[in-house]
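Student: how does the following fold in three dimensions:
(one chain, ligands or ions: 2)
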Amino acid sequence: MKIDNLPKVFQAAMPVLETLENAGFEAYFVGGSVRDILLKRHIHDVDIATSAYPEEVKSLFEKTIDTGIQHGTVTVLYGNESYEITTFRTESGYQDYRRPDHVTFVQNLEEDLKRRDFTINAFAMNMRGEIIDLFDGLDDLKNRVIRAVGDPEKRFNEDALRMMRAVRFMSQLKFTLEEKTEQAIVDHHELLRKISVERVRDEFVKMGIGSDSRQAFQVFLDTKLSEDVPDFEGKSELLSVYPKLKFSPTMEASFWSIIMILLKVPNNQISKIMRDWKNSNAMIDSVERIVDFFDILSDHAPTDYELFQMGKETLLNVIDVAHILGQPVESKALVDRYAALPIKKSSELTIDGRFLIKMGITPGPNLGKILEEIKKAVISGQLENDQVAIENYLN
Ligand SMILES: Nc1ccn([C@@H]2O[C@H](COP(=O)(O)OP(=O)(O)OP(=O)(O)O)[C@@H](O)[C@H]2O)c(=O)n1
Ligand SMILES: [Mg+2]
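Tutor: Ligands and ions are numbered 1, 2, ... in the order given. I've put the predicted structure just below:
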């Protein structure tokens, strides 16, 4: 099979492959980008595999970074892009179920593709757009099946995170899980405990916001993978409720907020669960805000001032969450109202504290109150955002 008219991301990388081929090496696009071009999905980054050793790759390009040189990966900066170029390798002697503790470079593409997790992730594509499919991945793509390359038990023992990747891809791609691959997860789910929470979390979130999260969550439960992710109060209820949701959240913060709302987690305990999953402080803050404003929106139509406080991003998240939880909100009206607010940020006020002091108001908490009152009046349209108007208003 051959792909004509390769998308721009591949075109831009052509000179890199060409340089490697002209120097007598083999070079291919591999991994998710080849899968995604075959599925006509958006391609976010392209990975390259080559028969050249890392030192040889480095000698061929002007700007390189030693990304993971002991594992064979060099990043090449070319044009405005960067490409991870990895020497063909096998991975033997996995010890911690996470990373190869020993990689062996090989001269042969087949060996490299054999070590990969799923047939749909084990394609290679050369410069001419020809697809190399050694494990019938094209059939699996057609039948929309996630199937391990070779022996699934081996693949999961090499890297237990792959079990989470399996359910994540089910959700993202709306694929089903091949029987033996699923059985191997049932038999080995507890290996997931050896993987860092951060890596598990990233897959968990991708599963939660994928387009078929219901089906994927169900398999996540059925295979008992769910027993090997951070434990928290209400986890089992959550996991059984989630597949019943009709839609998938579109954003990571919405996903976590839905979890908190479904579990009725009090706002002051949100950070505990979020921290168990090793979320960043920024993510924790967003989720707390979304849950707060979701409560407000459930209670009454937000005032202009509340809309201002929410900000565009939180508003979109709250709408996302409300939609999925089946709570009717007039999302277009809200977004339009937000867009029509006289100011979107406090810094857009034409006056500030210093202006008020110059007007003779004494610094202190009272000044803050007056400033806030002016802001409210401007936001609600009672007062023009204009220095003279504000001066008159205060006198
Ligand atoms: N645990 C893993 C992770 C990756 N891979 C291989 O390395 C490729 C690139 O990995 P990565 O970028 O993590 O995943 P993608 O499949 O590209 O998915 P995404 O679109 O999310 O990047 C995968 O396609 C697969 O061939 C693997 O075999 N086992
Ligand atoms: Mg990738």
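
Student: alpha carbons only: can I get stretch 229-239 in PDB?
Tutor: Extracted in PDB, the C-alpha atoms of stretch 229-239 (Å, rounded to 0.1, in the frame of the first residue of the first chain):
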ATOM      1  CA  VAL A 229      -5.000   3.000  39.800                       C
ATOM      2  CA  PRO A 230      -4.900   5.400  42.800                       C
ATOM      3  CA  ASP A 231      -7.500   4.400  45.400                       C
ATOM      4  CA  PHE A 232      -9.800   7.100  46.700                       C
ATOM      5  CA  GLU A 233     -13.100   7.200  48.500                       C
ATOM      6  CA  GLY A 234     -15.900   6.600  46.100                       C
ATOM      7  CA  LYS A 235     -13.700   5.200  43.400                       C
ATOM      8  CA  SER A 236     -15.800   2.100  42.700                       C
ATOM      9  CA  GLU A 237     -19.000   4.200  42.500                       C
ATOM     10  CA  LEU A 238     -17.300   6.500  40.100                       C
ATOM     11  CA  LEU A 239     -16.000   3.800  37.900                       C
END
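
Student: which parts of it are buried?
Tutor: Under the neighbour-count criterion of 16 or more other C-beta atoms under 10 Å, stretch 229-239 has 229, 232, 235, 238-239 buried. No exception for glycine: its C-beta is placed from N, CA and C like everyone else's.

Student: out of these, who's nearest residue 113?
Tutor: residue 229 (29.9 Å; C-beta to C-beta).

Student: relative to residue 208, how far out is the residue lying closest to the closest one once chain neighbours are set aside?
Tutor: Among residues not flanking residue 229 along the chain, residue 200 sits closest, at 5.9 Å (C-beta to C-beta, 6 or more residues apart in numbering). Here residue 200 is placed at a distance of 12 Å from residue 208 (C-beta to C-beta, to the nearest Å).

Student: sorry, back to before: the residue nearest to residue 229 - how many residues pack around it?
Tutor: Neighbour count of residue 200, defined by other C-beta atoms under 10 Å: 22.

Student: all helices for the stretch 251-395 of the chain, in order.
Tutor: Using DSSP state H, counting those that start in this stretch, the helices found in the stretch 251-395 of the chain span residues 252-262, 270-276, 281-299, 304-324, 331-339, 353-358, 365-379, 387-394.

Student: identify, out of these, the most deeply packed stretch.
Tutor: Highest mean neighbour count among the helices of the stretch 251-395 of the chain (mean count of other C-beta atoms under 10 Å): helix 252-262, with a mean of 24.

Student: what about stretch 326-341, average pLDDT?
Tutor: Mean pLDDT, stretch 326-341: 94.

Student: please apply the same query to stretch 21-37.
Tutor: Computed over stretch 21-37, the average pLDDT equals 97.

Student: okay, how far is it across that stretch, tip to tip?
Tutor: 22 Å (C-alpha to C-alpha, to the nearest Å).

Student: in that stretch, what counts as buried?
Tutor: Neighbour-count burial for stretch 21-37 [16+ other C-beta under 10 Å]: 25-37.

Student: for ligand 1, what's the nearest residue on this structure?
Tutor: residue 32 (2.2 Å; C-beta to the nearest ligand atom).

Student: number of nearby residues for the residue lying closest to that residue once chain neighbours are set aside?
Tutor: Nearest residue to residue 32, sequence neighbours excluded (C-beta to C-beta, 6+ apart): residue 121, at 6.4 Å. Using other C-beta under 10 Å, residue 121 has 20 neighbouring residues.
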